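Undergrad: For reference, the sequence and a predicted model appear below.
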Amino acid sequence: MKIHDAFIEYFTNIKINEGKSKRTVSSYTNDLKQYMQFLDEQGITNTKKIKPELIEEFIANQSEYKASTSLARMIAAIRSFHQFMAMMHDEPDPSLNLQVHKGPKTLPIYCTVDEIKRLMQSFDDTNIQDNLDHTLLETIYSCGLRVSEICNLTINRVDLDTGKIRVLGKGDKERIVPIPKGSIPLLKQYISITRANLIQKKTNIFFLNRFGRKITSKYVELLLQRKCVELDFKKHITPHKLRHSYATHMLQGGADLRSIQEILGHSNIQTTEIYTHVQNKQLFDAYNKFNPLASQNLEISKKKDKDE
């Protein structure tokens with residue numbers, strides 16, 4: 001069954017037959033919209049093509065920034081949807097043996113400033129493909145965008161004269177994101193030359209692949225995987241880690257949490273506060289590495305071990 005039709009049927013059912021509260025229906029709607037958007041970005045248009053691994057990948061991506069209670073509700077919504085499809089249309093339930101790996105909440109992994117520079121300087125902007133990939137990654141990093149936001153960005157939302165992007169984020173909430181002055185020449189080149197060469201039919205989509213179609217999240221992920229190998233990066237960089245890097249570097253540069261919250265589109269300041277923990281860990285690591293008393297204590301500890 002087509003995914004869009006399946007979701008309409010499911011929501012009609014839970015509103016009428018299951019007697020769920022308005023709040024639950026609203027929460028499930030928002031959760032499943034994100035799930036549907038993810039499936040669309042993966043090129044999945046039929047419910048029978050949804051595999052357990054795909055659901056697990058979606059949940060793993062969400063777990064990077066969602067609170068455990070929100071994640072649990074999202075999983076419940078996905079299971080409820082697939083159970084409905086199995087019961088009403090005799091389809092296999094890909095959520096039946098879903099493996100949800102719950103681990104301790106880890107601090108976001110981010111790139112150093114040097115790694116970002118190496119990544120951005122690795123492209124040849126005289127080449128159309130390189131210019132597309134360079135502009136794509138630089139916009140994600142320099143504006144702190146989610147991969148879904150960059151894929152769905154339209155040209156009418158990018159204003160290079162004022163240096164601003166009107167981003168349509170989660171729950172269709174709009175926010176204004178500044179474009180760094182250093183990124184504007186790259187964006188101008190992309191629009192006037194690269195995009196003009198890639199476009200095959202009239203479209204408002206900003207980032208287009210070589211077939212003139214919308215860039216997908218999978219494309220961005222594979223691009224970063226290739227770049228990690230090419231540049232011999234020891235860490236696995238994802239689009240979301242570029243966003244983490246942006247927020248961490250902003251905080252290191254002296255930006256306040258509220259500003260970062262607004263730019264990232266976090267509805268809750270607690271989500272943004274994770275980056276203060278990253279900064280605190282950096283300070284602690286620097287203390288242990290460079291403070292003479294810290295190294296002295298280590299030497300004393302080693303000496304005691306030998307004496308014993």
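TA: The structure has been received and is ready for your questions.

Undergrad: So Thr248 sits against Val113, correct?
TA: No: using CB atoms under 8 Å, Thr248 is not in contact with Val113; the gap is 9.8 Å. C-beta here means a position set from N, CA and C on the backbone, and glycine is covered the same way.

Undergrad: between these two, which one's more packed in?
TA: Thr248 (25 against 12; other CB atoms under 10 Å).

Undergrad: That one: what secondary structure?
TA: The three-state assignment at Thr248 reads helix, by DSSP: H, G, I helix; E, B strand; the rest coil.

Undergrad: any idea how far it is from Tyr35?
TA: Thr248 sits at a distance of 28 Å from Tyr35 (criterion: CB to CB, to the nearest Å).

Undergrad: Just give me the neighbour total for Lys51.
TA: Residues lying near Lys51 (other CB under 10 Å) number 12.

Undergrad: how near is the nearest residue to it once chain neighbours are set aside to Thr12?
TA: Excluding the flanking residues, the one nearest Lys51 by CB to CB, 6 or more residues apart in numbering is Pro94, at 5.8 Å. For Pro94, the distance to Thr12 equals 22 Å [CB to CB].

Undergrad: These two: who's more crowded?
TA: Per other CB under 10 Å, whichever of Pro94 and Thr12 has more neighbours is Pro94, with 22 against 10.

Undergrad: Show me where the stretch 201-308 of the chain has its helices.
TA: Secondary structure of the stretch 201-308 of the chain (DSSP state H, counting those that start in this stretch): helices at 217-230, 239-252, 257-264, 269-272, 274-290, 292-307.

Undergrad: Now the nearest residue to Lys201 once chain neighbours are set aside: phi and psi?
TA: In this structure, Lys201 finds its nearest non-sequential neighbour in Gly212, 6.6 Å apart by CB to CB, 6+ apart. The phi/psi pair for Gly212 (degrees, to the nearest 10) reads phi 80, psi 20.

Undergrad: Neighbours of Gly212, how many?
TA: By the criterion of other CB under 10 Å, Gly212 has 14 neighbours.

Undergrad: That one: what's it in contact with?
TA: The neighbours of Gly212, taking CB atoms under 8 Å, 6 or more residues apart in numbering as the test, are Leu198, Ile199, Gln200, Lys201, Thr203.

Undergrad: Could I get the pLDDT score of the third one?
TA: pLDDT, the model's per-residue confidence, is 91 for Gln200.

Undergrad: That one should be in a helix, yeah?
TA: No: assigned with three-state DSSP, Gln200 falls outside any helix and is coil.

Undergrad: Run through the residues that contact it.
TA: When contacts are counted by CB under 8 Å, 6+ apart, Gln200 touches Phe211, Gly212.

Undergrad: what comes up buried for stretch 196-214?
TA: Leu198, Ile205, Phe206, Phe207, Leu208, Lys214 (16 or more other CB atoms under 10 Å).
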